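Participant: have a look at this prediction, sequence included:
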Amino acid sequence: MKKILIPLLASLFLLPACGGGDSGDGLEALADAIESSIDDADDDEEGVDFIRGKGACVAENAIAYGAEELEKNGITLETVNDPDFGPENLSEGGQDIVFNSLLDCLTPSDMAEAIMQGAAEEGEPISMDAALCYAENMSREDWRVIISGEEDSDEAGAIFLGLLGDCPQVFVEIIMADLGVDRSAAECVVEALSGPLLTALASLGESDEEPDMEVITELFEAFVGCGVDPEMMG
């Protein structure tokens, strides 16, 4: 998902020069540029689908920091027009401004669309229901890690794994896709498993460690109890 959200963050402040209408401290020109960079972005630019129409909101949030704070953190028309400029070049405070200006304008549904888009591009599509559960249960700090961290980092992966207990429908979809069973059987299996076990099972694919026998036994019992052939587990 990082490959969707990082270009999005960059688009907020990699702005073209704006003429006329300067309010004296540059905030009006900066706000206009932020708004147009989002709402008038080309359709083929990554990440624009779920933020189009939110330009005014993001611009309002950004300029609310004031000219002095923005300039102190490197967010000016001059610096952002530098072709070598990027959000990663900003101070921590500047990156906070970019991050918060965007996130305060996005609803869980917006974030869920971003999750779905990123998952689909990585060949692991998930439903809106599952994506929305992730979005609703992630903290602001979780989003910061996912957006700013390395793609497929252990820390970002741990966030998604840690939410399986809150979002069991994700594991339902995994069982359906990997084992070819119908939804009712998959839901039966997941309902029979404990929250910690769901996380343990999901993490097996992220490591080379052998699964614990207790995990295998509980999973076996859940499959049998739901009428699923345990040999399908491999």
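Facilitator: On my side now, so go ahead. Numbers count the residues shown, from 1 in each chain.

Participant: SS state for Phe223?
Facilitator: helix (DSSP: H, G, I helix; E, B strand; the rest coil).

Participant: how deep is Val189 tucked in, by neighbour count?
Facilitator: Other residues near Val189 number 22, with proximity taken as other C-beta atoms under 10 Å. In this view, the C-beta of every residue, glycine as well, is placed from N, C-alpha and C.

Participant: what does Ser184 give?
Facilitator: Ser184 has 11 neighbouring residues, counting by other C-beta under 10 Å.

Participant: likewise for the one 10 residues further on?
Facilitator: If you count neighbours by other C-beta under 10 Å, Ser194 ends up with 11.

Participant: residue contacts, it?
Facilitator: Going by C-beta atoms under 8 Å, 6 or more residues apart in numbering, Ser194 touches Glu218.

Participant: hmm, try it at 7 Å
Facilitator: By C-beta atoms under 7 Å, 6 or more residues apart in numbering, the contact list for Ser194 is empty.

Participant: next, find the distance separating it from Phe171.
Facilitator: 12 Å (C-beta to C-beta, to the nearest Å).

Participant: which SSE is the residue most central in space within the chain in?
Facilitator: Nearest to the geometric centre of the chain sits Ile115, at 5.1 Å (C-alpha atoms, centre = their mean). Using DSSP states H and E, Ile115 sits within helix 108-121.

Participant: what strand or helix carries the residue nearest to Gln169 when sequence neighbours are not counted?
Facilitator: Of all residues not flanking Gln169 in the chain, Ala130 sits nearest, at 5.0 Å (C-beta to C-beta, 6 or more residues apart in numbering). Using DSSP H and E, Ala130 maps to helix 128-137.

Participant: and that helix, how far from the chain's centre?
Facilitator: A distance of 10 Å separates the centroid of the chain from that of helix 128-137, by C-alpha atoms, centre = their mean, to the nearest Å.

Participant: straight-line length of stretch 118-132, end to end?
Facilitator: End-to-end span of stretch 118-132 (C-alpha to C-alpha, to the nearest Å): 13 Å.

Participant: tilt between the helix holding Ala130 and helix 108-121?
Facilitator: Interaxial angle of helix 128-137 relative to helix 108-121 (axes from the mean of the first three to the mean of the last three C-alpha atoms, to 10 degrees): 120 degrees.

Participant: domain ranges for the protein, per the record?
Facilitator: What automatic domain parsing lists as the domains of the chain is 1-163, 168-233.
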